[in-house]
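> Dropping the sequence and predicted coords here.
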Amino acid sequence: MSSSEESLEIVGTGIAILAFAFFIVNGGTANDGMGTRTEN
């Protein structure tokens with residue numbers, strides 16, 4: 001039980017980190033685009 005739970009936590013953490021980095025990269029460009037659109 002504990003070993004499978006630990007592996008699940010590791011996988012979940014890895015996915016969260018990847019999703020977080022992906023969100024930062026896409027969010028940064030999206031925010032820039034929205035900022036210019038809002039200014040215009």
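Yep, it's here. Numbering: from 1, shown residues only.

> so where's this protein uncertain?
In the predicted model, the chain carries pLDDT under 70 at residues 1, 28-40.

> Go again with 80.
The chain contains residues with pLDDT under 80 at 1-2, 26-40.

> Just the strands from it, written as ranges.
Read by DSSP state E, the chain holds no strands at all.

> the helices in it, which residues?
The residue ranges that make up the helices of the chain, judged by DSSP state H, are 2-39.

> From residue 4, how far out is residue 13?
Counting by CB to CB, to the nearest Å, the separation of residue 13 from residue 4 is 15 Å. The way it works is simple: take the backbone N, C-alpha and C, and place the C-beta from them, glycine included.

> Oh, that last question was meant for residue 15, not what I typed.
With distances taken as CB to CB, residue 15 is found 16 Å from residue 4.

> Tell me how many other residues crowd residue 4.
Other residues within reach of residue 4 by the criterion other CB atoms under 10 Å amount to 8.
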